[in-house]
Each structure stands twice: as structure tokens, then as C-alpha cells.
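**Q** The following comprises the amino acid sequence and a computationally predicted model.
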Amino acid sequence: MTKQGVVVPVPEAAVAVPPNTAPLFQYPPPRAAPGIAVRKKYLQMGAAAGAGAGARIGGGGWVESMRASSPTHARAAAALAAGVDEERYAEWMVKHPSALGMFDQVVAASKGKQIVVFLDYDGTLSPIVDDPDAAYMSDTMRRAVRSVAKHFPTAIVSGRCRDKVFEFVKLAELYYAGSHGMDIKGPAKGSRHTKAAKAKGVLFQPASQFLPMIEQVHDSLVEKTKCIPGAKVENNKFCVSVHFRCVDEKSWSTLADLVKSVLTDYPKLKLTQGRMVFEVRPTIKWDKGKALEFLLESLGFADCTDVLPVYIGDDRTDEDAFKVLRKRGQGVGILVSKHPKDTSASYSLQEPAEVMEFLLRLVEWERLSKARPAKW
Ligand SMILES: O=P(O)(O)OC[C@H]1O[C@H](O[C@H]2O[C@H](CO)[C@@H](O)[C@H](O)[C@H]2O)[C@H](O)[C@@H](O)[C@@H]1O
């Protein structure tokens, strides 16, 4: 592979660094934005084709794996949480306490640091629904996210294609990383320093050369899965989702076999699984964790201690971002889940309603911190 990425300056004012007037955090921090050098480095990283960070699905575990993301499993887990294994749930909550319950501790970690907020979309900002095209975000959630972006640099990191997630969120003041981070509309070099630069955004697309292949695989998945009632194939530009939420459980293994059979012709694509969905993605070493690092670096926060990334997500693909935060030894990973799950996140929130409460509390805390004399 010779050319993996495309960096395109975007002239319109769609990507602007939100104004930050907080007296406690120094923002923008006194360092140069990395711009081209950063993008070059990330292009090289993206060019390294390989296994990728997401877990492949293989062997005989397909249907078990599909079951694990089903509502039936969720009900079983709810039963566990409700009392069958209260001890296990309580243990999990000790390891991943509520970000609302521990709010003071979460914000205390931001002492002297710039908070940067990363938000997954489905299951985090919008409730999970049967029809992926109807996963609307409420107006109250939109207002909460808008308020957050007034105080902190804020990005949406989603498996959906960027245009689609923007259609749902409708906030031009955010950064967007679609296709599991493979389509980033991020800050332009110097965007915190000049008005002209603020009016620009930059596109980073490390999987651009996979575009024709993804189109092909999308078309053949649509064709092949026609015979499975309820199956839905979604084109997410640099990846494809095959939904089985509305497929009868008896047809799951047939669907899995069909998807696998299509992919045998595409060794450069890999298959992972999300919430009742198969995700077909290029085998480049790029994921939501890499997108988080890219955005932080673009904002001027590479290898530094004065930033606190807060990442909230509910999906397996969000684990890549939680792992990055763990590895950096910096930041707050918050898993949205009502049930105990293996996760690298530090905290938990139960559902989008709690995410909204957390975001509003963050805004209120920031507003009040401006009013009170600085303690640090
Ligand atoms: O990274 P995300 O923003 O969480 O996107 C992951 C996938 O989300 C969507 O699917 C999920 O939500 C749907 C709507 O609630 C639901 O019907 C589906 O079962 C879930 O898997 C989206 O449609 C996918 O393309 C994303 O990859």
C-alpha cells in the first residue's frame, strides 16, 4: 500500500475550536499546533496494514458471540444485576463506579488540566432502537452537548459514516470522527490562534484507498443478505455494518455464514462485532483509540500532562479508546452499560439519560468554577 490517507483542508467554518473562557484551565495551551507533521505521522501509522485493534470473530463462536449482544442476554444480565448475582454486580460497580456518584473525583482529576470531551453516538447520546436510521438524539441531549462544547473541545467518535452522524447531531461546533475514526474532520493547524484558521477544518482519512473495495463489499452484502428477513446492511463509507437486531435468532448462523463467505474474497477486510451488528472494516491499524490520539495531538496535547480526555462510549469499539487512556495513564474512560461487562473504562453510566446528566453537571461545575476564586 503506497497511499493510505487523504488530508484535505476544508474551507468552510464547519470545524471550529469552541471558545473556552474557563479561568482555571489554560486553553489554548502555550504550544504550537502540530498540523502537517502530526498528520504525516498518523498517515504512516495508518499505512501499517495488519490485524487491527478490533477483535476478529472467528472459529465456532459466531452465534455465541451474536447471542452475547442480544436483548435476551441483556435480560439475563439484568436478572443478574437485579439479584441473582448481586455480589458480582456490586464487585463490578466497585471497579467501575458511577461517574455521577464519583463526579467530584472525576473533576478533581482535571486540576490544572484542559478537559477534552469525546462522545460515542449510538447507545451513548441516543438510545438503541431497532431501526438504525431512526436513532435520533433528543433536543435536550443536543442542548447538553452544545453546552459542553461551549466550555471544552468536544468530538463525536462513531462507527457511523461522518455525514450520517452529523445529520443526527447537527452541531457544527464539534469535531467528528466517523467510520470508527477512519474519517476525521478535526482541528486545522493553528485553529486556536487565528480567526482565519478557525474557519477551516482538516479531513483525515487513513483508509481512503479502501473506498472502492468497501463499495463493492457493501453491494455484495446487500445482495447476499436479501434472503434473510430483517437483515440490514448499512454503508458507513470506510466500513459496512450488517445488522441482525431484527433477524430471527434461527437465521443468525446462516447470516454469519453469508457474511463470512463474502469476506473470503476480501482478505484486506476484517470482521468485528458490535451491539447486534457485524462490522466490516479495513485491516489497517486504526480505530477509535487512534482517532482519540490523533485529535488530542491535533489540538496540541500530544505527550503532555495538562490535558484530561474524557471519553464516554457503550460499544466494544470504544474499548480501543479506553485502552489508550489507560496506556497514557491519563484521562477518564466511562462505559455506558447497565450490566457488568469486561471493560478498560474506569467509570460507568447506565444509559444515555445518565450521560446527559453527567454532561450537564460538567457544564455546571465549569460555570461555577469560573465564579469561585481559583484554588489551584
Ligand atoms: O460507534 P457508534 O456511534 O456507537 O456506532 C456503532 C454502530 O451504531 C449503530 O448501530 C447500533 O445502533 C442502532 C440504532 O440504535 C441499533 O439498531 C444497532 O443494533 C446498534 O448496533 C449504527 O447503525 C452502526 O452503523 C454503527 O456501526
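**A** That came in fine, so what should we check first? Residues are numbered from 1 along each chain as shown.
**Q** secondary structure class for Leu271?
**A** Under DSSP: H, G, I helix; E, B strand; the rest coil, the three-state class of Leu271 is strand.
**Q** Same question for Thr305.
**A** Quick answer, by three-state DSSP: Thr305 is coil.
**Q** just checking, it touches Lys113?
**A** Yes: with contact defined as C-beta atoms under 8 Å, Thr305 reaches Lys113; the gap is 7.5 Å. C-beta coordinates here come from the backbone N, C-alpha and C atoms, glycine included.
**Q** So those two - more neighbours on which side?
**A** Between Thr305 and Lys113, Lys113 has the larger neighbour count (other C-beta atoms under 10 Å), namely 21 against 11.
**Q** bridging residues for the closest residue to the more buried one other than its chain neighbours?
**A** Leaving aside its sequence neighbours, Lys113 sits nearest to Leu308 (C-beta to C-beta, 6 or more residues apart in numbering; 4.3 Å). Applying DSSP bridges to Leu308 gives these bridge partners: Ile115.
**Q** How about the contacts made by Leu308?
**A** 109-110, 113-116, 330-332 (C-beta atoms under 8 Å, 6 or more residues apart in numbering).
**Q** Measure how buried Glu354 is and give me the count.
**A** Considering only other C-beta under 10 Å, Glu354 is surrounded by 18 other residues.
**Q** top of the contacts of Leu308 by neighbour count?
**A** Ile115 (26 neighbours).
**Q** for the residue of the stretch 151-300 of the chain found nearest the ligand, phi and psi?
**A** Residue nearest to the ligand within the stretch 151-300 of the chain: Gly159 (2.8 Å; C-beta to the nearest ligand atom). In terms of degrees, to the nearest 10, the main-chain angles of Gly159 are phi -80, psi -20.
**Q** so how far is Phe278 from it?
**A** From Gly159 across to Phe278, the span is 11 Å (C-beta to C-beta, to the nearest Å).
**Q** Give me the common contacts of those two.
**A** Shared contacts of Gly159 and Phe278, defined by C-beta under 8 Å, 6+ apart, comprise Ser241.
**Q** From Asn235, how far off is Tyr347?
**A** Taking C-beta to C-beta, one finds Tyr347 at 34 Å from Asn235.
**Q** more neighbours, these two?
**A** More neighbours surround Tyr347 than the other of Tyr347 and Asn235, with 23 against 17 (other C-beta under 10 Å).
**Q** What number of residues are in the vicinity of the residue lying closest to the more buried one once chain neighbours are set aside?
**A** Closest residue in space to Tyr347, ignoring its immediate chain neighbours: Ala99 at 3.9 Å, by C-beta to C-beta, 6+ apart. As a burial measure, Ala99 scores 27 neighbours (other C-beta under 10 Å).
**Q** So for Ala99, what pLDDT did the model give?
**A** As predicted, Ala99 sits at a pLDDT of 98.
**Q** Now stretch 127-142: buried residues?
**A** Neighbour-count burial for stretch 127-142, counted by 16 or more other C-beta atoms under 10 Å, picks out 128, 132, 135, 137, 141-142.
**Q** tell me, which of those make contact with the ligand?
**A** Among those, the ones lying near the ligand by C-beta under 6 Å from any ligand atom are 128, 132, 135.
**Q** Could you tell me which of the residues you listed belong to helices?
**A** Applying DSSP state H to these, no entry is found in helices.
**Q** helices or strands up against the lengthiest helix in the chain?
**A** Taking DSSP H as the criterion, the chain has its longest helix at helix 352-371. The helices and strands touching helix 352-371, judged by 3 or more C-beta pairs under 8 Å, 6 or more residues apart in numbering; DSSP states H and E, are helix 103-108, strand 114-119, helix 139-151, strand 307-313, strand 332-336.
**Q** Val202 is nearest to which of those?
**A** strand 114-119 (16.8 Å; C-beta to C-beta).
**Q** how about that closest one as PDB, C-alpha atoms only?
**A** Provided in PDB are the C-alpha atoms of strand 114-119 (Å, rounded to 0.1, in the frame of the first residue of the first chain):
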ATOM      1  CA  GLN A 114      -7.800  21.100  30.000                       C
ATOM      2  CA  ILE A 115     -10.700  18.800  29.700                       C
ATOM      3  CA  VAL A 116     -11.400  17.400  26.200                       C
ATOM      4  CA  VAL A 117     -14.600  15.500  25.700                       C
ATOM      5  CA  PHE A 118     -15.100  12.500  23.400                       C
ATOM      6  CA  LEU A 119     -18.600  11.100  22.800                       C
END
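**Q** Could you name the helices and strands sitting against it?
**A** Partner elements for strand 114-119 (3+ C-beta pairs under 8 Å, 6+ apart): helix 139-151, strand 154-157, helix 288-298, strand 307-313, helix 352-371.
**Q** Mean pLDDT added to the ones you listed, as a markdown table?
**A** What follows is those, written out as a markdown table (pLDDT from 0 to 100):
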| stretch | mean pLDDT |
| --- | --- |
| helix 139-151 | 97 |
| strand 154-157 | 97 |
| helix 288-298 | 95 |
| strand 307-313 | 97 |
| helix 352-371 | 94 |
